[in-house]
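Novice: What follows is a predicted protein model with its sequence.
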Amino acid sequence: DRSKLPPACDSMIYCHGPLLNTVQMAGLYNDSKTFVDMKIKMSPKITLEHFYDMMSRTDSNPTKADIQEFVNQNFDPEGSEFEDWRPSDWKHNPGFLAKIKDPLLHKWASALNDLWLDLGRKMKEAVKESPDLYSIIYVEQPFIVPGGRFREFYYWDSYWIIKGLLLSEMRTTAKGMVNNLLSIVDRYGFIPNGGRIYYLMRSQPPLLIPMVQLLMEDTDDLEYLREHIHTLDKEFDYWMTNHTIEVNHEGKKLKMAMYMDNSQGPRPESYKEDVDCARHFDTTEKKEELYAELKAAAESGWDFSSRWFILNGTNKGNLTNLKVRSIIPVDLNAILCWNAQLMMEYHTRLQNEEKASYYRRIHDDFMEAIEELLWHEDVGVWLDYSLESSRRRDYFYPSNLSPLWAGSYDKARKDYFVNRVVNYLDKVKMDIFEGGIPTTFEHTGEQWDYPNAWPPLQYIVIMGLANTGHPEAMRYATELATKWVRSNFEVWKQKAAMLEKYDATILGGLGGGGEYVVQTGFGWSNGVVMSLLNRYGDVISAADNFGTAAESGAVYGAGVGAGGVVTALLVVLASLAAGTLG
Ligand SMILES: OC[C@H]1O[C@H](O[C@H]2O[C@H](CO)[C@@H](O)[C@H](O)[C@H]2O)[C@H](O)[C@@H](O)[C@@H]1O
């Protein structure tokens, strides 16, 4: 019975209860997240008293104006938790810029370096003194936010933000962000989806251990590793304890990881959206099941996507068909396998032999399970697995290639895996997309679906291919990196902004769809472009051989232009070729 589970957090202002329900269902703001990010002016107790006064004054039937007045009188605007902050480690001309040959791209990368100044946040002392007045989770060190409505840290976004910060030589800020996350693991036992109390019952793709590796690659501070290794043990243990199940497959029991949820109620930050969606179900139990699916999808980072739809064994449907908790995802398993490998290496360096062998065993088990259950020789790639049908889900997702990035495959047979994967990319006609790698081939209107292209997914595929050292894979990586950089640059030329997501079908196309408008800023987008320019800055130019990128048929704006229509037709052909249309 899910209604007995705890709510997202204890707060009767920010996480559950009649006040939250009344304000969020009134739809006062275009974005439901606005309200739960506001600061209360007085204590939670007094705020609740004022709420009940308002309810009794209005016979428990307040108008929208009554509710707005209550909010105006009792809450300060969103963003009240921060003070002005300029990162002391920011520098004008970090070394990586010198690697970028094209003068236009060089200038752009320098502007991206400036963006850290806009995206840096430091919390006021007042938050530490009166945490009850805020939904933000207090952390000591200043940090970089994604941007726009995302005014707090996000777990998996932080990986690419830290990559970018290290290229900008902002070592103190990068380390401060990792220290914040470590302190959160010490306090809560895991890292929530983002730095708000309403995210406290779910996490996001586990990249803290790889973030520490980024710091180690930069400074190789063994004492730092020694100081924090127990916290990393704790983070890894959280995933193994709360997010794994046993799958019986061909006589073997395989331990696999998946996204889950153990709380009740709608997401506080998207409360109305979730309640409205749950109207399709008639019982509290079914509604709670839907809420759990929505929260598990948010935990995956892919909120929302046809990747998690199961309808009659296919990926068709809508949010009411979410079945995240019935799908074994390739990326999570690949990332945990990589985590285990890193933990084994860390403990070896710290001479903790026993711990090192403990992680070696876990790593080897993941390697075996990933190959047994998720690798498919005939398709030439890893695929998610449905627990409902005990069958693979043969659909294109960039995450299908994540084991290459995470190194979660048998390197002794590298040629075999890489040849098959390159063949898969040819088969799905990855070269037809002008603006990057699409998230899926399903056009559902959800943000983690076609035609959107997300920065972390580009990075995972490009680096996965590039790091193999295999010529064909490296050629693909360079081509995909070039498209991504050029497309982001085209948008930059139009809007002087970096977006959270783009359109894979249009060079310079904006991302869209989902439950909020496309956001600018943008932490991981900046980090990914910086990383690609760092690696490919000597070969990528803003213009192709035939003239400027803009002259070669770019279409701007959120709408689908002629290029988009042609690509949409091509994608159907690609899906047919790959056997992925239902
Ligand atoms: O408010 C809706 C959802 O917003 C977040 O998800 C999206 O933004 C995150 C920050 O860039 C990103 O990490 C995630 O992959 C995006 O889908 C949030 O993470 C969700 O939990 C939230 O419900």
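Specialist: Thanks, I have the structure now.
Novice: buried set for stretch 445-463?
Specialist: For stretch 445-463, burial by neighbour count (16 or more other CB atoms under 10 Å) applies to 446-463. C-beta here means a position set from N, CA and C on the backbone, and glycine is covered the same way.
Novice: now stretch 396-412
Specialist: For stretch 396-412, by 16+ other CB under 10 Å, it's 396-409.
Novice: what's the farthest-apart pair in those residues?
Specialist: Within these, two members stand farthest from each other by CB to CB: Phe396 and Gly407, at 21.9 Å.
Novice: Of all residues in the stretch 151-300 of the chain, which one is closest to the ligand?
Specialist: Using CB to the nearest ligand atom, the closest approach of the stretch 151-300 of the chain to the ligand is made by Ala298 at 3.4 Å.
Novice: what does the stretch 1-150 of the chain give?
Specialist: At 4.1 Å from the ligand, Pro146 is the closest residue in the stretch 1-150 of the chain, using CB to the nearest ligand atom.
Novice: I figured that residue hits Asn526, correct?
Specialist: No. Pro146 is beyond contact range of Asn526, at 9.6 Å (criterion: CB atoms under 8 Å).
Novice: hmm, back to that, so how many other residues sit close to the nearest residue to the residue of the stretch 1-150 of the chain closest to the ligand once chain neighbours are set aside?
Specialist: Among residues not flanking Pro146 along the chain, Gly523 sits closest, at 4.1 Å (CB to CB, 6 or more residues apart in numbering). Number of residues near Gly523 (other CB atoms under 10 Å) recorded here: 29.
Novice: how much space between Gly523 and the ligand?
Specialist: Going from Gly523 to the ligand by CB to the nearest ligand atom, to the nearest Å gives 7 Å.
Novice: residues in contact with that residue?
Specialist: With contact taken as CB atoms under 8 Å, 6 or more residues apart in numbering, Gly523 is in contact with Leu119, Ile144, Val145, Pro146, Gly147, Phe150, Tyr154, Asp157, Ser158, Trp160, Ile161, Gly164.
Novice: Looking at those, which are in strands?
Specialist: Mapping those onto strands (DSSP state E) picks out Ile144.
Novice: Just give me the closest of the contacts of Gly523 to Val422.
Specialist: Proximity of these to Val422 (CB to CB) peaks at Trp160, which lies at 24.8 Å.
Novice: Give me the secondary structure label for the closest residue to Pro268 other than its chain neighbours.
Specialist: Nearest residue to Pro268 in three dimensions, chain neighbours excluded: Tyr198, at 4.0 Å (CB to CB, 6+ apart). At Tyr198 the chain is in helix, as set by DSSP: H, G, I helix; E, B strand; the rest coil.
Novice: okay, now Tyr198: neighbour count?
Specialist: Counted with other CB under 10 Å, residues neighbouring Tyr198 total 27.
Novice: That one and Ile137, how far apart?
Specialist: Distance of Tyr198 to Ile137, given as CB to CB, to the nearest Å: 10 Å.
Novice: related to what we said a few turns ago, now, which of the buried residues of stretch 396-412 lie within helices?
Specialist: When DSSP state H is applied, the buried residues of stretch 396-412 are split such that Ser402, Pro403, Leu404, Trp405, Ala406 fall in helices.
Novice: between Pro146 and Asn526, which one's more packed in?
Specialist: Asn526 (30 against 25).
Novice: and the next element down the chain from the longest helix anywhere in the chain?
Specialist: Looking across the chain with DSSP H, the single longest helix is helix 471-495. Per DSSP states H and E, helix 471-495 leads on to strand 502-503 as the next helix or strand towards the C-terminus.
Novice: by contact count, what packs against the following helix or strand past that next one?
Specialist: Scanning forward in sequence from strand 502-503 by DSSP H and E, the next helix or strand is strand 509-510. Identification of packing neighbours for strand 509-510 by 3 or more CB pairs under 8 Å, 6 or more residues apart in numbering; DSSP states H and E yields helix 471-495, strand 502-503.
Novice: Could you provide these in CSV, with additional columns for distance to the ligand?
Specialist: Formatted as CSV, those follow (distance: least, CB to the nearest ligand atom, whole Å):
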stretch, distance to the ligand
helix 471-495, 16
strand 502-503, 14
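Novice: Highest mean neighbour count out of those?
Specialist: strand 502-503 (a mean of 31; mean count of other CB atoms under 10 Å).
Novice: quick one: common contacting residues for Pro146 and Asn526?
Specialist: Contact with both Pro146 and Asn526 is made by residues Leu119, Ile161, according to CB under 8 Å, 6+ apart.
Novice: For the stretch 1-150 of the chain, what lies in contact range of the ligand?
Specialist: Within the stretch 1-150 of the chain, the positions near the ligand by CB under 6 Å from any ligand atom are Lys33, Pro146, Phe150.
Novice: Specify which member of those is nearest to Val275.
Specialist: Minimum distance to Val275 across these is 14.9 Å, recorded for Lys33 (CB to CB).
Novice: My guess is the closest one contacts Gln519. True?
Specialist: No. Applying CB under 8 Å as the test, Lys33 and Gln519 come out as separate, 10.8 Å apart.
Novice: okay, and the common contacts of those two?
Specialist: Arg149.
Novice: And the two? Which one has more around it.
Specialist: Neighbours of Lys33 and Gln519, each counted by other CB under 10 Å, are more numerous for Lys33; the result is 22 against 19.
Novice: distance of the residue nearest to Pro268 from Tyr29?
Specialist: Distance of Tyr198 to Tyr29, computed by CB to CB: 15 Å.
Novice: can you list the weak-confidence ranges in this structure?
Specialist: The model of the chain has pLDDT under 70 over residues 544-582.
Novice: Would you point out which residue is most central in the chain?
Specialist: Residue closest to the average C-alpha location in the chain (CA atoms, centre = their mean): Gly301, at 3.9 Å.
Novice: Narrow the buried residues of stretch 445-463 to those in strands?
Specialist: Of the positions in these, Asn452, Ala453 sit in strands, assigned by DSSP E.
Novice: Out of the buried residues of stretch 445-463, list just those in helices.
Specialist: Pro455, Pro456, Leu457, Gln458, Tyr459, Ile460, Val461, Ile462, Met463.
Novice: Now for the residues you listed: which two are most distant?
Specialist: By the measure CB to CB, Pro455 and Met463 form the most distant pair in those, at 12.0 Å.
Novice: Can you tell me which of the ones in helices among the buried residues of stretch 396-412 is closest to the ligand?
Specialist: Ser402 (14.7 Å).
Novice: rewinding a little: and the residue of the stretch 1-150 of the chain closest to the ligand, its phi and psi?
Specialist: Torsion angles at Pro146 (phi, psi; degrees, to the nearest 10) stand at phi -60, psi -40.
Novice: how much space between it and Tyr271?
Specialist: For Pro146, the distance to Tyr271 equals 21 Å [CB to CB].
Novice: Residues of the stretch 201-350 of the chain that sit close to the ligand?
Specialist: Those residues of the stretch 201-350 of the chain that sit near the ligand, judged by CB under 6 Å from any ligand atom, are Arg267, Glu269, Ser270, Ala298, Gly301, Asp303.
Novice: which one of the residues you listed sits closest to Pro192?
Specialist: Ala298 (10.8 Å).
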